[in-house]
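In: structure for this input, please:
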Amino acid sequence: MTKTSSFAAGWVGGAELVGAGPTHDVIDPATGKAVASTSLATAQDVDTAVDVARDALRDWASATPAHRGAVLAELASAMSAAGDALAAEEVSHTGKPIRLATEFDVPGCVDNTTFFAGLARNLEGKATAEYSGEHTSSIRREPVGVVGSITPWNYPLQMAVWKVMPALAAGCTVVLKPAELTPLTTLTLARLASEAGLPDGVCNVLTGTGAEVGAAIAGHAGVDVVTFTGSTGVGRQVMAQAAVHGTRVQLELGGKAPLVVFDDADLEAAIHGAVAGALINSGQDCTAATRAIVARPLYDDFVAGVAELMSAVRMGDPTDSATDMGPLISAAHRDKVSAMVDRARDGGIRVVTGGTVPEGPGAFYPPTLLADVPEDAEVYRDEVFGPVLTVSAFDDDDDALRRANDTVYGLAASAWTRDLYRAQRASREIRAGCVWINDHIPIISEMPHGGVGASGFGKDMSTYSLDEYLTIKHVMSDITGVSQKPWHRTIFTLPQ
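Out: All right, here's what the predicted structure looks like:
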């Protein structure tokens, strides 16, 4: 895309929607230049989109699971065919390396869509039976209604897929707001869905600010469930806005993932895993490894190994397949990350590698390793959301697990050990929605993603995510044909 290109602010009712709000440029963070512009949507546009989604709900909710699954399967094929274009578009507004977009983001989205195409036909519930002896009881799982979704800028396409696909498989309709920094691939996804046969009004997208469009979605009386991925602070605002109408909420929020390296770990594997886990998407990942907690006998070698590997990471043009790491999302965010590292340095924390903003254009920040980090340090406790890994030592297993859990967050964690019993203990005792053993970051469509504590609640991906978009109805039918039921006597007695 070029500076002269423009795009519609929304996709509503199967057609482009021109927003009534101010003009907004989408910036390539690798160059600082605009790649596209639009007029943002407004709260009034949210009213329109919710009405359209409500009108489309009845037909889509009553469509057979086979039909819904077939549409999603067709969408998965369309996404796969458009894979290179989707990857290039994702890179243009996020700055993520083309290898990550091509080998992780796009194929992961296709797989997730394919998974939900099959899951649409696999709703489960308790067996129909005569539990009372006098009635047949059955369970219906029905779509909750109109879903309002708000997605972040770090994985625009992937987060849209995680929110939209289970909702559509369940029979819901959607009004989705992507981050205004990165709306392009979400709008492309909506267009591809229409071309794949998704009925008009079932999936609607609006580009706008969180303060106006996001708040309007979260607090809308016509929205039946709100799903949000983003920071913990904004997530709490979304929950408060939804609470006005008692609307159901699903939140996937921040993280401060520990990477615990026990003294029997494969040191080389732990070093490679720490660098990969800390630097994925330039560290802009809620599950990224941010706190390496390392057994004291391995500590010095771990720090040296991570520093050496980080120093070899190639940072540069994200469109070049040789690039390992691209820029952060914006100069403002880069400055926030840099300021946190500067405060750590000023506080006496050792900067082993990185820690300095490079010269030249773009919002680049180098892989950064901070050693001997105390537990009360800002960089240890608060989410940096950049390519920054802290390292601290522990003396025994109890201390390691205490440190791992010494956080308000609970999204992800990893434990590195060759000992089966240590691994089992870590997986039991670390408080997080996902605990990896001898790896950090991989996800699969069949398994859920979501956290506890300040990392939110509810699940994306897997069969568990359908629970966010379905209501459970108990249907109880009398099988006796008797007018006077024995239990009636607890309410009244007939005249003798």
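In: residue ranges with poor pLDDT in the stretch 51-200 of the chain?
Out: Nowhere does the stretch 51-200 of the chain drop to pLDDT under 70.
In: now do the helices in it.
Out: In the stretch 51-200 of the chain, the helices defined using DSSP state H, counting those that start in this stretch lie at 65-81, 83-94, 98-100, 106-119, 156-170, 184-195.
In: which helices and strands sit right next to the first one?
Out: Here helix 65-81 is seen to pack against helix 106-119, helix 156-170, helix 184-195 when contacts are counted using 3 or more C-beta pairs under 8 Å, 6 or more residues apart in numbering; DSSP states H and E. Every C-beta, even on glycine, is put in place using the N, C-alpha and C of the backbone.
In: re the thing from before, could the helices of the stretch 51-200 of the chain go into CSV alongside mean neighbour count?
Out: Below are these laid out as CSV (neighbours: other C-beta atoms under 10 Å):
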stretch, mean neighbour count
helix 65-81, 19
helix 83-94, 21
helix 98-100, 20
helix 106-119, 22
helix 156-170, 27
helix 184-195, 23
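In: and V26, which of those helices is closest to it?
Out: Of all the helices of the stretch 51-200 of the chain, it is helix 83-94 that lies closest to V26, at 5.2 Å by C-beta to C-beta.
In: got the CA coordinates for the closest one in PDB?
Out: Only the C-alpha atoms of helix 83-94 are listed here, as PDB (Å, rounded to 0.1, in the frame of the first residue of the first chain):
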ATOM      1  CA  GLY A  83      -2.200 -16.100   2.100                       C
ATOM      2  CA  ASP A  84       0.700 -14.100   0.500                       C
ATOM      3  CA  ALA A  85      -1.400 -11.000   0.200                       C
ATOM      4  CA  LEU A  86      -2.700 -11.300   3.800                       C
ATOM      5  CA  ALA A  87       0.800 -11.700   5.100                       C
ATOM      6  CA  ALA A  88       2.100  -8.700   3.200                       C
ATOM      7  CA  GLU A  89      -0.800  -6.600   4.400                       C
ATOM      8  CA  GLU A  90      -0.200  -7.700   8.000                       C
ATOM      9  CA  VAL A  91       3.400  -6.700   7.700                       C
ATOM     10  CA  SER A  92       2.600  -3.300   6.300                       C
ATOM     11  CA  HIS A  93       0.700  -2.100   9.300                       C
ATOM     12  CA  THR A  94       2.300  -4.100  12.200                       C
END
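In: what about A413, is that helix, strand or coil?
Out: strand (DSSP: H, G, I helix; E, B strand; the rest coil).
In: give me the distance between it and D396.
Out: 18 Å (C-beta to C-beta, to the nearest Å).
In: same check on S455?
Out: For S455, the distance to D396 - C-beta to C-beta - is 27 Å.
In: give me the more crowded residue out of the two.
Out: Taking neighbours as other C-beta atoms under 10 Å, S455 and D396 compare with S455 leading, 28 against 12.
In: my read: that one touches L411, true?
Out: Yes - using C-beta atoms under 8 Å, S455 is in contact with L411, at 3.8 Å.
In: quick check: neighbours shared by the two?
Out: 252-255, 286, 432-433 (C-beta atoms under 8 Å, 6 or more residues apart in numbering).
In: now those residues in CSV, with distance to I271, secondary structure and pLDDT?
Out: Shown next, in CSV, are those (distance: C-beta to C-beta, whole Å; DSSP: H, G, I helix; E, B strand; the rest coil; pLDDT from 0 to 100):
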residue, distance to I271, secondary structure, pLDDT
E252, 29, strand, 96
L253, 29, coil, 96
G254, 26, coil, 95
G255, 21, coil, 97
C286, 23, coil, 96
A432, 22, coil, 98
G433, 25, coil, 97
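In: drop anything exposed from the residues you listed.
Out: 252-255, 286, 432-433 (16 or more other C-beta atoms under 10 Å).
In: could those residues be laid out in JSON lines, adding distance to P97?
Out: Shown next, in JSON lines, are those (distance: C-beta to C-beta, whole Å):
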{"residue": "E252", "distance to P97": "23"}
{"residue": "L253", "distance to P97": "25"}
{"residue": "G254", "distance to P97": "23"}
{"residue": "G255", "distance to P97": "22"}
{"residue": "C286", "distance to P97": "19"}
{"residue": "A432", "distance to P97": "27"}
{"residue": "G433", "distance to P97": "27"}
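In: right, and out of those, which lies closest to G95?
Out: Once C-beta to C-beta is applied, the member of the buried ones among the shared contacts of S455 and L411 that ends up nearest G95 is C286, at 17.9 Å.
In: any idea how far the closest one lies from A377?
Out: Counting by C-beta to C-beta, the gap from C286 to A377 is 20 Å.
In: swap in M310?
Out: 19 Å.
In: of the two, who's got more company?
Out: M310 (23 against 19).
In: tell me what whatever helix or strand G235 lives in is packed against?
Out: Per DSSP states H and E, G235 falls inside helix 232-243. Contacts defined by 3+ C-beta pairs under 8 Å, 6+ apart place helix 232-243 against helix 215-218, strand 225-229, strand 248-252.
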